[in-house]
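Peer 1: Quick one, fold the following:
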Amino acid sequence: MSFTASATTLAGRNGHVKSETGVVDLDLAMPKPDGSPGKPGATNPEELFASGYSACFGSAVIAVAGAEKLRPEQVSITADVTLLTENNDFRLAVVLKAHIEGLEASEAERIVHKAHEVCPYSKATRNNIKVELEIV
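Peer 2: Alright, predicted model coming up:
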């Protein structure tokens, strides 16, 4: 099985992005220096990446737990994606915060680390950007 998602952006970070399906249809704007939105109602690539990574990682946690016959009551993943800039060098860093109800702390930690091995976003970022895992 394979799946391809397609989106087109016009005018980069201060433009507009629309997915082929039309479900994503958003204005983009550079955040202000204080990190607040650059334009009301607009998003940015880091927020979109955080949304995708948190959803994908959450599914990986659920799949790994299920493979181990564990049934967490609830899985919540927050992805903090930071755009780091230094001397015109731009990099991303991610902190994945996992809240897993219904598992012992040691089980949750083991599941999160295994999920990091199988999640497609984690595979894509491995040895490329800093990704930290936290159990909250």
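Peer 1: any idea how the protein splits into domains?
Peer 2: Domain assignment for the chain by automatic domain parsing gives 1-43, 45-135.
Peer 1: First-to-last residue distance for the longest one?
Peer 2: Read it as domain 45-135. Domain 45-135 has an end-to-end distance of 25 Å (criterion: Cα to Cα, to the nearest Å).
Peer 1: how close does the most centrally placed residue in the chain get to L10?
Peer 2: Among the residues of the chain, Y53 comes closest to the average C-alpha position under Cα atoms, centre = their mean, at 2.2 Å. To L10, Y53 is 24 Å away according to Cβ to Cβ, to the nearest Å. (Each C-beta comes from the backbone N, C-alpha and C, glycine too.)
Peer 1: For this protein, which segments are assigned as strands?
Peer 2: Secondary structure of the chain (DSSP state E): strands located at 7-10, 16-19, 25-27, 74-86, 89-101, 130-135.
Peer 1: thinking again about what came up before, ranking the domains of the chain by burial, who's on top?
Peer 2: Neighbour counts (mean count of other Cβ atoms under 10 Å) averaged over each of these peak at domain 45-135, with a mean of 16.
Peer 1: tell me the mean pLDDT for it?
Peer 2: Averaging pLDDT along domain 45-135 gives 96.
Peer 1: Tell me how far it lies from the chain's centre.
Peer 2: Relative to its parent chain, domain 45-135 has a centroid offset of 7 Å by Cα atoms, centre = their mean, to the nearest Å.
Peer 1: Can you give me the distance of S76 to L96?
Peer 2: 11 Å.
Peer 1: before we move on, what about E68?
Peer 2: Where L96 is concerned, E68 sits at a distance of 19 Å (Cβ to Cβ).
Peer 1: circling back: these two touch, right, the residue nearest to the centre of the chain and A93?
Peer 2: No - look at Y53 against A93 with Cβ atoms under 8 Å: they stay out of range, at 12.0 Å.
Peer 1: All good on my end, thank you.
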